[in-house]
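In: Fold the stuff below for me.
(one chain, ligands or ions: 1)
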Amino acid sequence: MSAQHFLDTLSRHGLDEFYPNFSTEGITQLESFIELSVQDYANYGIKSADDKRKFVALAQTLKKEGIRPASNEKSPLPQKRSSSVARLNAFTPPEKQARRLTLGGENLTRSPIKTPPSRRLSFIPKSGSPRKILSPAKHSPISHKSPSKVKTPPRIARTAIQIQQALKSVSFSPTKDKLLQHESSSDDEEELKKTVAAPILDTYGIPTASSRSGNYSKTNGNVNKSQASIATSGSSDLNQRIRVCVRKRPLSRREVAAGEKDITPVAGSRSINVNAPKVKLDLTRFTEQHSFTFDEVFDSSITNAQIYQRTAKPLVQYIFTGGKATCFAYGQTGSGKTYTMLDQGRGLYVQAAQDIFAMLAREEYAHLSAWVGFYEIYQGHLYDLLNDRKRLIPRDDGNNNVVISGLKEFAIADVDRLFKVFDHGSQARTTGKTGANNNSSRSHAVLQILLKPKKNSSVIAGKLSFIDLAGSERGADRGDANTKTRMEGAEINKSLLALKECIRALDQDSRHTPFRGSKLTQVLRDSFIGNSRTCMIATISPNGSNSEHTLNTLRYADRVKELKGEQDGGGSFIEDDLQDDFQVMAEQTAGSTEATDGTSLEQDKTDAEEDQVLQADGQENIFDEDFPQEGTKNELLATPTSQRIQTQSMATPQRRQHYLRRLSSPTDQVLNDLASTTNADSSTKPSWPYSHRSPPLPSERPNNDQMLDFVKLHRAQIREITECSKKETKLLATFSLGLSSTQHYAEDEAAANNEKILEEFEQYLGDLDELLQRKVACAEALRDKMRQLLGDDVL
Ligand SMILES: Nc1ncnc2c1ncn2[C@@H]1O[C@H](COP(=O)(O)OP(=O)(O)OP(=O)(O)O)[C@@H](O)[C@H]1O
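Out: Predicted coordinates for the structure are as follows:
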């Protein structure tokens, strides 16, 4: 009986998730399996009574079917495993177990699990059957047609499926494959002998492809030719909710001059392999081969125009149906993110804009106009690239829409105008020189193209965002020399880590997704939930010295690919909101103690330090130019709230007065309104108490959905305001602590300290100002909505 048969049997009984546990211990055949006693099961991660029952039943059935225990001389089954191994299987996620299990000869020897060689070999089928390719449909992450019904198999099961695929397809013989050539050492016999190739591994380290020695060219790359024959050529659905593509850039001149080779052969239109050069401890070189499949893989010869057709174009069409779409590039520095997304003239945004304007020229969309906003996330803060790098604040409008308070948006009529606006913004973007890229983006840049009705520019009828993320690698790897660059790198990585956490949470259907972990994730939130489409383009460098980064990028992309389609906002987020409400209440109760807690004060300090307003570069004023025409005919409403904050300015005393009056006693206001309405016509009972005017027609009254929307918005704003209040309390506590400690200084020390405390005071006021602005923005958002519901003249 073969390992395949064992796995098939487990699958038939719904127990295939345990296969990695068995095979790790060398149990790959039914004959070995039936030797196990019930007590042994726990060692293989079979913990629940139900699972145990199933296994007992399975063993009995097998025995009845005539399966006999393996012969005694063969019985290398460990009677007792070391506790570390038991722990491994009990608590290690299956994909990790699988990874440990299948990292090829090299990694197995390093693994703490000492598996007898014969057992390891039993994992490999004898014959070299042709490799079967996962069908696109099976492998594609989410079908847009019925996302809620499509269930991605849980990782554990998926891993088993992958193993199954591997078992069906793997035709290598480790003994035969021991000596394979390394592409860079073809002329050197000695080197050749020292160089070995491990089987091809997928993301999780599972062998995936035929790696018989015959499939490897003696002189050249290991998998290129063999993989070409197994290429997955079918194209994937362009309209998936989350689409993940990979783009490989060509070798640069510098890399060619340094004798670097392309180690990332593309196999067909959906698969890519990475032949990562490795060195063993004894300095023997070998190649670790990985195989990945995505929705689409673009080889280095593919142009931006071709990529556009397969990535951003479907998103353009989607936003004309009223949706939100995001296209973002992720990858290490110098891998081509900016070139792909925001290259002036060739970037995807240019082609998208051309198509958008072509669509707007159609009669059916004549009522819409296009707007553009451009900002960056640098060191944890948002800066408006079209408005003198003004600090911006992201917030949630209560409908799972991310709104950037204060963002200046410009109406654009054609691509030329967009170029000009973009050009201006690009110059304001933070770039720098890193070890890997002379013109490296040190921030995440977000270019938004919005569709708005011409008659009401406060409504967003479609939104397409292009996000050029900052490089994903560690500062040390970039060869960053100075502290500033390293700090930038740290912040970039913090945000990308937060993004990863969110992706992981979504992937695991976690109850709570930590979108608030960073500004980047706050901004990207609506790309992953609700009525949205997202296309991620993972950019990779092809050369050997970047292989680790390339693998990291591809693994990251693979995670995104597996996001489930059920994350559609809706119910679960309402529940989240409620949960948050309770949390807020609990926190409010505990609020006072928190402020005096030493740990949180320490955190406050860090927060305050992090929040230092960065020196804005002296930018020329965009409004000096003859585009876009600012403020003409009130067309420049950014987000409804933000623009008003800017133009009407809370700073005017009247407005502040008005605002405070409203905030302080809404009930009085309402009662007065009510009284005046009642007095005006005592014979008519006021059916519309908030109104100064005659009651609206029934058709104008808010319906249930609108009221529900309002409640959601209100809840979101309360959350935001509460968060601000908490920060305010911390801010206050930190500052007052510092202030009171000055009283204990001797006179001479006090003078020196005064300077410091003054600085801190300014900082404190600056931070407070920002928090107050955020609160005001919340109140304004609510009022905007109220106006929308009740009419402008009501409030
Ligand atoms: N597909 C490609 N074809 C030709 N040249 C490319 C391609 N992709 C990138 N390049 C070149 O490689 C260099 C680095 O690209 P780019 O600046 O886009 O990298 P990046 O990933 O945005 O880096 P960073 O994160 O540091 O900003 C540029 O000179 C760019 O012109």
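In: Name the residues of stretch 764-778 that are buried.
Out: Y764, D767, L768, E770, L771, Q773, R774, K775, V776, A777, C778 (16 or more other C-beta atoms under 10 Å). Just so you know, the C-beta spots here come from the backbone N, C-alpha and C atoms, and that holds for glycine as well.
In: how about that stretch as PDB, C-alpha atoms only?
Out: Once non-C-alpha atoms are left out, stretch 764-778 reads as follows in PDB (Å, rounded to 0.1, in the frame of the first residue of the first chain):
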ATOM      1  CA  TYR A 764       1.400  68.800  24.100                       C
ATOM      2  CA  LEU A 765      -0.700  71.600  22.600                       C
ATOM      3  CA  GLY A 766       0.200  70.500  19.100                       C
ATOM      4  CA  ASP A 767      -0.900  66.900  19.800                       C
ATOM      5  CA  LEU A 768      -4.000  68.200  21.600                       C
ATOM      6  CA  ASP A 769      -4.900  70.300  18.600                       C
ATOM      7  CA  GLU A 770      -4.700  67.300  16.300                       C
ATOM      8  CA  LEU A 771      -7.000  65.300  18.600                       C
ATOM      9  CA  LEU A 772      -9.500  68.200  18.800                       C
ATOM     10  CA  GLN A 773      -9.500  68.400  15.100                       C
ATOM     11  CA  ARG A 774     -10.200  64.800  14.800                       C
ATOM     12  CA  LYS A 775     -13.100  65.200  17.200                       C
ATOM     13  CA  VAL A 776     -14.400  68.100  15.300                       C
ATOM     14  CA  ALA A 777     -14.200  66.100  12.100                       C
ATOM     15  CA  CYS A 778     -16.300  63.500  13.700                       C
END
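In: hmm, back to that, just the buried residues of stretch 764-778 now: which is nearest the ligand?
Out: Of all the buried residues of stretch 764-778, the ligand sits closest to E770, with 28.1 Å by C-beta to the nearest ligand atom.
In: What segments of the stretch 251-400 of the chain are strands?
Out: 266-267, 271-279, 285-293, 296-298, 324-331, 368-378, 381-384, 390-396 (DSSP state E, counting those that start in this stretch).
In: Please tell me how far the spatially closest residue to F298 that is not a sequence neighbour sits from G471.
Out: The shortest distance from F298 to any non-neighbouring residue, by C-beta to C-beta, 6 or more residues apart in numbering, is to R247 (4.5 Å). Per C-beta to C-beta, to the nearest Å, R247 is found 15 Å from G471.
In: Among those two, which residue is more densely surrounded?
Out: G471 (29 against 24; other C-beta atoms under 10 Å).
In: circling back to that earlier point, how about the strands of the stretch 251-400 of the chain, which one is nearest L36?
Out: The closest of those to L36 is strand 285-293. By C-beta to C-beta, the value is 33.1 Å.
In: by contact count, what packs against the closest one?
Out: Applying 3 or more C-beta pairs under 8 Å, 6 or more residues apart in numbering; DSSP states H and E, we find strand 285-293 packed against helix 104-110, strand 196-202, strand 271-279, helix 547-561.
In: Run me through the strand neighbours of the third one, direction for each.
Out: So the one you mean is strand 271-279. strand 266-267 (antiparallel), strand 285-293 (antiparallel) (DSSP bridges).
In: in the longest one, what counts as buried?
Out: Burial within strand 285-293, assessed by neighbour count using 16+ other C-beta under 10 Å, is assigned to F286, T287, E288, Q289, H290, S291, F292, T293.
In: Mind picking the two most distant members of these?
Out: Pairwise distances among these were taken by C-beta to C-beta; the largest, 23.8 Å, belongs to F286 and T293.
In: all helices of the stretch 451-600 of the chain, in order?
Out: 475-478, 483-507, 519-528, 547-561, 571-596, 598-610 (DSSP state H, counting those that start in this stretch).
In: ok so, going back, quick check, pLDDT for the residue nearest to F298.
Out: The model reports R247 with a pLDDT of 97.
In: where's it, which helix or strand?
Out: R247 belongs to strand 242-248 when assigned by DSSP states H and E.
In: Just want the angle from that strand to strand 285-293.
Out: Comparing the axes of strand 242-248 and strand 285-293 via axes from the mean of the first three to the mean of the last three C-alpha atoms, to 10 degrees yields an angle of 140 degrees.
In: Which strands border strand 242-248, and is each parallel or antiparallel?
Out: Applying DSSP bridges, one finds strand 242-248 paired with strand 296-298 (parallel), strand 532-540 (parallel).
In: Which of those strands sits closest to Q332?
Out: Q332 lies closest, by C-beta to C-beta, to one member of these: strand 532-540, at 7.6 Å.
In: Let me see the contact set for V560.
Out: I242, V244, I503, M536 (C-beta atoms under 8 Å, 6 or more residues apart in numbering).
In: What count of nearby residues applies to the second one?
Out: Neighbouring residues of V244 were enumerated by other C-beta under 10 Å; the total is 27.
In: Domain boundaries for this structure, per the record?
Out: 1-123, 292-582, 583-790 (automatic domain parsing).
In: Show me what the mean pLDDT comes to for the first one.
Out: Domain 1-123 comes out with an average pLDDT of 61.
In: Does I263 touch K278 like I think?
Out: No - contact criterion C-beta atoms under 8 Å: I263 and K278 do not qualify, at 11.3 Å.
In: between the two, who's got more neighbours?
Out: The neighbour count for I263 versus K278, taken as other C-beta under 10 Å, is higher for I263 (24 against 18).
In: From the ligand, how far off is that one?
Out: 17 Å (C-beta to the nearest ligand atom, to the nearest Å).
In: re the thing from before, which pair of the contacts of V560 spans the longest distance?
Out: V244 and I503 (10.9 Å).
In: Quickly list what whatever residue of the stretch 501-650 of the chain ends up closest to the ligand is bridged to.
Out: Relative to the ligand, the nearest point of the stretch 501-650 of the chain is T539 (5.7 Å; C-beta to the nearest ligand atom). Taking DSSP bridges as the rule, T539 bridges to R247, G331.
In: Flag the shaky bits of the stretch 451-600 of the chain, pLDDT-wise.
Out: 472-485, 504, 506-512, 563-600 (pLDDT under 70).
In: Contact residues of it facing the ligand?
Out: A470, G471, T539 (C-beta under 6 Å from any ligand atom).
In: same thing but at 5 Å, please
Out: Within the stretch 451-600 of the chain, the residues that sit near the ligand (C-beta under 5 Å from any ligand atom) are G471.
In: Pick out the residue in the stretch 451-600 of the chain sitting closest to the ligand.
Out: For the stretch 451-600 of the chain, C-beta to the nearest ligand atom, closest residue to the ligand: G471, 3.3 Å.
In: From R389, how far off is that residue?
Out: Taking C-beta to C-beta, one finds G471 at 21 Å from R389.
In: With D50 instead?
Out: Taking C-beta to C-beta, one finds D50 at 60 Å from R389.
In: Look at those two and report which has more neighbours.
Out: R389 (24 against 9).
In: Ok, which of the strands paired with strand 271-279 comes nearest D414?
Out: Going by C-beta to C-beta, the one of these nearest D414 is strand 266-267, 36.6 Å.
In: For the chain, give the helix that spans the most residues.
Out: The longest helix of the chain (DSSP state H) is helix 747-790.
In: Now do the same contact list for the closest residue to L451 other than its chain neighbours.
Out: Distance criterion C-beta to C-beta, 6+ apart; nearest residue to L451, sequence neighbours excluded, is G462 at 3.7 Å. Listed by C-beta under 8 Å, 6+ apart, the contact partners of G462 are I319, F320, T321, G322, G323, K324, L368, L450, L451.
In: Could you rerun that using 10 Å?
Out: 315-316, 318-325, 356, 359, 365, 368, 370, 449-452 (C-beta atoms under 10 Å, 6 or more residues apart in numbering).
In: on that earlier part again, TSV for the strands paired with strand 271-279, including distance to I721?
Out: As requested, the strands paired with strand 271-279 are arranged in TSV below (distance: least, C-beta to C-beta, whole Å):
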stretch	distance to I721
strand 266-267	51
strand 285-293	45
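In: So for the ligand, which of those strands sits nearest?
Out: strand 266-267 (13.0 Å).
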